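Engineer: Got a predicted structure here, sequence first:
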Amino acid sequence: MFRGHAKSFSSLMAASTTPIILALSLIMTGCSSSNETLKNDSGRTYKLTILHTNDNHGRFWRNQQDEGGMAARKTLIDQIRSEVEADGGKVLLLSGGDINSGVPESDLQNAVPDIKGMNLMGYDAMVVGNHEFDNPMKILHQQENLANFPFLSANTYDASTGRPLFDAFRLMDVGNMTVAIVGLTTQDTRKIGHPENVSRIDFKNPVRIASRLVPMIKEQADIVIALTHLGYFPEQQRPNAPPGDIELAKEVSGIDMIIGGHSRTALHKPEVVNNTWIMQAGENGNYLGRADFILKNGQLTLEKYELIPINPEGQENSIKENQDMLNLLAPYQQRGQELTMATYGNLDQRMEGDRERLRSRPATLGVLVASSMMKKTYADLAVINAGSIRASLPQGPVSYRDILKVKPYNNFLAYINMSGREIRKYLEKVVSLPENTGAFAQFAGLELTIKGKQIAEIRIQGRPLRNNRKYRMVVNDFLAAGGDGYPVLKNHPGYVVTGYGSAEVLRWFIETQSPIKASNFAPEGIIHHPDTTSRGRSSDPVSSLTIKTARPSPSGVLN
């Protein structure tokens, strides 16, 4: 880690363009690096290795297949540091954000084990991700104070005062090199962040901020790194979407590399846009990104890049876990598992998770799970596959462990803003999928009249579907990718993957809505037409089915 000559740019930045530039100019004049830049240095070669992770989402401990985990990652980082420094090089370790939200052992402890683990590994900086705002600002600032590394975001402001909430960048003297690290947070946070936590925060356009900031920083630095949580989206048509890494590289010259996050993309080969290398290391600590650079005569060259897997299942030579990290994290893992035994609500009766029922007809548990997804994302309707529900919920107190049995896969929620015409086309495909399989759909916020395999009527939020109206539909990311034969949605321009785990969302919903009355989630309205085939079980005489599901109000959500 490099601390001695790190320079920051914090609360002196004001909201309007002129004060930003004025404040920045004053800061840059007053804190030039202890070394001159090396742009005109001839002959010598300087080596810099960038190690990076992103979107770890609480996975400080290895999973049930012994994959990932911070203990194995530390072993790998220590090995690379020793190798690089023995060869005369320097190492920076960076995080593309979203350390929060995804695993109960971490979530229930406010990501304290994650940050302590990152301290032990020696992270040099982290950009603030959208899921850092799943917690109130008080918790986020506690996390920031616990970290031995800066939380960076140049475009995140207090909306009421116009002052920045985090340092915008750091200048670090890394050996004889001056490296600038600029943090940029996605404007998606405004849409998918906790409303109570982001309502008083202004997420400014990252491209506009960077276009003012980078030219000034460039005068002080040999290397400029944009540490971003914007997402890598190669699709060219993203109407109304906030800027991602590709737009940033195209619009802002002078950025040497973008170390990214948010889209959770495993880029095994960097994308080069406008002479900027774009890199990202997947998700959940599955990889450690390694980029080996050479700086000579002011020119930066990428010598080698790889994503190093952290103990994937089936790997012959596994990475040994670091004992110091295990000693640090084991008590948090034990405490986290104890916390999963705590109860978070009550059900007035058992909700059946029998696979035969869930995979052949609308079920109360299916409506409950879909309703939790809908309310968390402020969606108009929710669609899930019956195969994502694996157990029943008991009558009486419900523990987190009970919920994890129902939702063991914990897929991320994703929503799509679609026209009514697109919704109809999607649902027509969904209801045609084979019954008695995991593909059978469960719904919330939706009323369908199905005759045979054809949809006769669609009502959303109690009103007839309008073809030209925009609706928000929530699914899980497995279905969005085409899982179980569902139409692929992840390339839709209105697609947003939230990073909310479905198990955590169900826990939150049961806790905030308890006591839960099962009757409030019972699908209803079956009409008999013996002349056509049934969507239900083959022995069921029902031939036309109207599904009416709960329509939870959007108030009082997201905690």
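Structural biologist: That came through fine. Numbering: from 1, shown residues only.
Engineer: center of the protein, which residue is that?
Structural biologist: residue 499 (3.7 Å; Cα atoms, centre = their mean).
Engineer: Can you name the helix or strand that it falls in?
Structural biologist: strand 495-501 (DSSP states H and E).
Engineer: So which residues make contact with that strand?
Structural biologist: 55, 57, 98, 101-103, 130-131, 188, 191-192, 263-264, 376-377, 410-416, 477, 480, 489-490 (Cβ atoms under 8 Å, 6 or more residues apart in numbering). Where C-beta positions appear, they are placed from N, C-alpha and C, glycine not excepted.
Engineer: Which helix or strand lies directly C-terminal to that strand?
Structural biologist: On the C-terminal side of strand 495-501, the nearest following helix or strand under DSSP H and E is helix 502-513.
Engineer: Name the residues that touch that following helix?
Structural biologist: With Cβ under 8 Å, 6+ apart, helix 502-513 has contacts from 101-102, 104, 107, 344-345, 347, 368-369, 371-373, 375-376, 388, 398, 400, 403-404, 406-413, 476, 516, 552, 556-559.
Engineer: Now a ChimeraX select for only the buried ones of these.
Structural biologist: Buried residues within the contacts of helix 502-513, by 16 or more other Cβ atoms under 10 Å, are selected in ChimeraX with:
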select :101,102,104,107,344,345,347,368,369,371,372,373,375,376,388,398,400,403,404,406,407,410,411,412,413,476,516,552,557,558
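Engineer: Out of the contacts of helix 502-513, list just those in strands.
Structural biologist: Among the contacts of helix 502-513, the ones falling in strands (DSSP state E) are 344-345, 347, 398, 412-413, 476.
Engineer: Where does confidence bottom out across the residues you listed?
Structural biologist: Minimum pLDDT for the ones in strands among the contacts of helix 502-513 is recorded at residue 412 (88).
Engineer: That residue against residue 476, yeah?
Structural biologist: Yes. Using Cβ atoms under 8 Å, residue 412 is in contact with residue 476, at 6.8 Å.
Engineer: so is the residue nearest to residue 286 when sequence neighbours are not counted in a helix, a strand, or just coil?
Structural biologist: Spatial nearest neighbour of residue 286, chain neighbours left out: residue 68 (5.7 Å); criterion: Cβ to Cβ, 6 or more residues apart in numbering. Put simply, residue 68 is coil when judged by DSSP: H, G, I helix; E, B strand; the rest coil.
Engineer: where does the stretch 351-500 of the chain dip in pLDDT?
Structural biologist: 453 (pLDDT under 70).
Engineer: Can you show me the helices along the stretch 1-150 of the chain?
Structural biologist: Taking DSSP state H, counting those that start in this stretch as the test, the helices found in the stretch 1-150 of the chain are 17-30, 70-86, 104-107, 112-121, 137-146.
Engineer: next structured bit after the last one?
Structural biologist: When you say that, I think you mean helix 137-146. strand 151-152.
Engineer: circling back to that earlier point, take the helices of the stretch 1-150 of the chain and lay them out in a markdown table including distance to residue 455.
Structural biologist: Conversion of the helices of the stretch 1-150 of the chain to a markdown table gives the following (distance: least, Cβ to Cβ, whole Å):
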| stretch | distance to residue 455 |
| --- | --- |
| helix 17-30 | 52 |
| helix 70-86 | 48 |
| helix 104-107 | 38 |
| helix 112-121 | 45 |
| helix 137-146 | 45 |
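Engineer: Out of these, the one nearest residue 362 is which?
Structural biologist: helix 104-107 (28.8 Å; Cβ to Cβ).
Engineer: Find out how far that closest one is from the centre of the chain, if you would.
Structural biologist: 15 Å (Cα atoms, centre = their mean, to the nearest Å).
Engineer: Numbering from 782 from now on, please.
Structural biologist: All set: I'll call the first residue 782, so the last point we hit is now helix 885-888.
Engineer: Remind me what it packs against, helices and strands.
Structural biologist: Packing partners of helix 885-888 (3 or more Cβ pairs under 8 Å, 6 or more residues apart in numbering; DSSP states H and E): helix 893-902, helix 1104-1120, helix 1283-1294.
Engineer: Can you tell me which of the helices of the stretch 782-931 of the chain is nearest to residue 1103?
Structural biologist: helix 851-867 (4.1 Å).
Engineer: now what about that closest one, what contacts it?
Structural biologist: Outside helix 851-867, the residues that touch it by Cβ under 8 Å, 6+ apart are 828, 830, 832, 834, 841-843, 871-872, 874, 895, 898-899, 901-903, 1066, 1069, 1071, 1073, 1089, 1091-1092, 1099-1107, 1110.
Engineer: Cheers, nothing more for now.
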